[in-house]
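Q: When you get a sec, could you give me coordinates for this:
(4 chains)
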2 protein chains.
Amino acid sequence: MNKVKTYKSDAFAAIHETMSGMYDAGVIDKKTMHRFDEACLTPVHAFTATEIKALREREEVSQSVFALYMNVSKDAVSQWERGVKKPAGPTLKLLSLVKQKGLSAIS
Amino acid sequence: MNKVKTYKSDAFAAIHETMSGMYDAGVIDKKTMHRFDEACLTPVHAFTATEIKALREREEVSQSVFALYMNVSKDAVSQWERGVKKPAGPTLKLLSLVKQKGLSAIS
DNA sequence: TTTGTATATCGTACCAGGTTCTATACATTT
DNA sequence: AAATGTATAGAACCTGGTACGATATACAAA
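A: I've put the predicted structure just below:
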């Protein structure tokens, strides 16, 4: 974390570089830098079955196509929307990305 | 899939809208439209343990921070890089996104 | 009407990925 | 010397995701 990362030019990159510079300059410590990384992440909250279905229908795709984007089976999507299985971990992360940035964010 | 989606203005959106228009006009059928959706997705290939470690080090973050981005435990990242566990499904999708667009793509 | 396609539900069963816990080791920091 | 950050290691557990059918509906075309 000592070097300044080579980011694509977006808001996040700019802020991160600024923070990295502050760390390099000794203005903030590693712990703060770590907490900053946490703060930068999109919050990953749980999704209810109906929320997932609403999200998919907002994107106007079928369960099959939605499954393709998420890289899961169509059965998985069906089970999410019926409350049979509850997505977690990386799956929640993907759902959060779609909710906040749209399907194109993960295409 | 009948209506044209309200996309953010990027290349993918433009192409997708064009394709949707072609579908609405009857130029292409549903099957083609579906195959188009597949083609638009970033290919999700498997990752070896060393590839994952190299990817993380390219982004210059620790296993803990990388785990935060992926929304998994730090142990999970460690297991990936040692070949103990092999990520699949949604996890592979996230790794692919990071590889092709950088960590900022999933922040 | 009949046929075919696309979509979605339902049930079963299985596998393995991810979690949690603990312990160890090393380098850096204070 | 003590504390912290990073990474490895192994074990047991749980459940998410997969795969296989079968069923049902809606809609368009033959």
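
Q: Tell me how many other residues crowd the residue of chain A found nearest DNA strand C.
A: Closest approach of chain A to DNA strand C (C-beta to the nearest atom of the strand) occurs at A:S62, with a separation of 3.2 Å. Quick note: C-beta positions are derived from backbone N, CA and C, even for glycine. Counted with other C-beta atoms under 10 Å in any protein chain shown, residues neighbouring A:S62 total 16.

Q: quick one, phi/psi of it?
A: phi -80, psi 170 (degrees, to the nearest 10).

Q: And it, what's its pLDDT?
A: pLDDT for A:S62: 93.

Q: Also the one 5 residues further on?
A: Predicted confidence (pLDDT) for A:A67: 95.

Q: What helices and strands are in contact with the helix or strand containing it?
A: Using DSSP states H and E, A:A67 maps to helix A:63-70. Helices and strands touching helix A:63-70, by 3 or more C-beta pairs under 8 Å, 6 or more residues apart in numbering or on different chains; DSSP states H and E, are helix A:74-82, helix A:90-101, helix B:30-40.

Q: and the angle from that helix to helix B:90-101?
A: Relative orientation of helix A:63-70 and helix B:90-101, computed by axes from the mean of the first three to the mean of the last three C-alpha atoms, to 10 degrees: 60 degrees.

Q: Thanks a lot, see you next time.
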